[in-house]
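# I'd like to go over a predicted model; first the sequence, then the structure.
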Amino acid sequence: MTIDTLRHVPLFESLDDEAARKLCQLLQSIDCKAKTSLFRAGDEGDAMYLIERGKVRISVRATDGRDMTLTELGRGDFFGEMALLDGQRRSADAIVAEDARLAVLSREHFLSFVRSSPDVALELLTALANRLRHTDELLRRSATRNVNVEEAAQLTFADRASDIIAEFGGSWKFIIAAVLFFNVWVMINTWLLAKGGFDPYPYLLLSTAINMLAVLQAPIILMSQNRQSHKDRLRSEIDYQVNLKNELALNEILQRLKALERDYLNSALEKQRE
């Protein structure tokens with residue numbers, strides 16, 4: 001990787017020429033074909049990756065075996081730095097989405113370079129903070145939002161009108177109003193206008209009006225039902241995401257508890273030996 005190429009990475013764009021040249025010497029470039037797995041969740045974090053070209057997909061695997069994409073990174077992006085900082089194992093999968101050229105920075109070189117370059121440490125903290133904000137925004141919009149409120153915010157005037165018409169058309173109010181209207185219509189044209197009503201028996205005008213009402217009402221009701229089906233699918237997807245989020249959080253907590261338990265047992269054994 002050249003210094004000019006390194007400048008396209010926001011994390012290192014503020015480096016002076018000497019620091020950038022030193023970092024380029026520490027990087028090792030590799031070419032990866034599409035669908036190549038760089039690492040899996042649970043693998044040891046031994047390197048950080050910079051994308052020179054191509055795309056890399058970051059995802060997690062759900063319990064049903066389906067991959068859930070968290071983000072897709074492109075030229076100038078970097079990933080894998082979290083495991084290098086905290087020493088923990090990988091928290092997600094990284095798979096090459098399209099042919100890519102990556103620059104790899106090992107953990108040893110990464111830590112030594114960050115210690116010697118305070119500007120890089122500051123930029124790294126800023127980048128991590130931005131990613132946390134992005135994750136919070138993603139969770140707010142996907143897993144914790146109110147489906148009814150969001151659906152209502154996206155409704156157009158036509159959608160609201162169709163919902164009102166569909167709700168009224170499927171109620172007792174509509175049935176009672178229709179029965180009263182039909183009876184009044186028949187009474188007017190049979191008794192009050194016996195000598196020649198505007199719609200004499202067999203009430204063809206009334207029949208035409210009823211048919212037109214049925215023709216218009218049917219698609220309006222279908223529109224409302226389709227939107228309700230979409231809302232049900234959205235609610236099911238959000239329920240799945242919430243369950244997945246909770247499961248991942250619980251797994252993370254269990255892993256940390258196991259690490260604490262292991263450290264405690266090692267410490268107790270050392271005390272016993274003393």
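Yep, that arrived.

# tell me where the chain has helices.
3-7, 17-26, 81-86, 107-116, 118-142, 147-153, 157-169, 172-187, 204-273 (DSSP state H).

# the inter-axis angle of the fourth one versus helix 17-26?
So the one you mean is helix 107-116. 170 degrees (axes from the mean of the first three to the mean of the last three CA atoms, to 10 degrees).

# distance between helix 107-116 and the chain's centre?
33 Å (CA atoms, centre = their mean, to the nearest Å).

# could you find the closest non-adjacent residue to Leu23?
Leaving aside its chain neighbours, Leu23 sits nearest to Phe113 (6.1 Å; criterion: CB to CB, 6 or more residues apart in numbering). Where you see a C-beta, it was placed from the backbone N, CA and C, and this is true even at glycine.

# where does the stretch 151-274 of the chain dip in pLDDT?
151-154, 192-197, 241, 249, 252, 256, 259-260, 263-264, 274 (pLDDT under 70).

# Throw the helices of the chain into a markdown table and include distance to Gly42 and mean neighbour count, thanks.
Output for the helices of the chain, formatted as a markdown table (distance: least, CB to CB, whole Å; neighbours: other CB atoms under 10 Å):
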| stretch | distance to Gly42 | mean neighbour count |
| --- | --- | --- |
| helix 3-7 | 30 | 15 |
| helix 17-26 | 26 | 15 |
| helix 81-86 | 11 | 18 |
| helix 107-116 | 17 | 15 |
| helix 118-142 | 20 | 13 |
| helix 147-153 | 33 | 12 |
| helix 157-169 | 46 | 14 |
| helix 172-187 | 59 | 12 |
| helix 204-273 | 9 | 12 |
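
# wait, which of those helices is closest to Thr69?
helix 118-142 (11.1 Å; CB to CB).

# picking that back up, of the helices of the chain, which is nearest Leu38?
Of these, nearest to Leu38 by CB to CB is helix 81-86, at 12.0 Å.

# and the residue nearest to Leu23, what pLDDT?
Looking at Phe113, its pLDDT reads 77.
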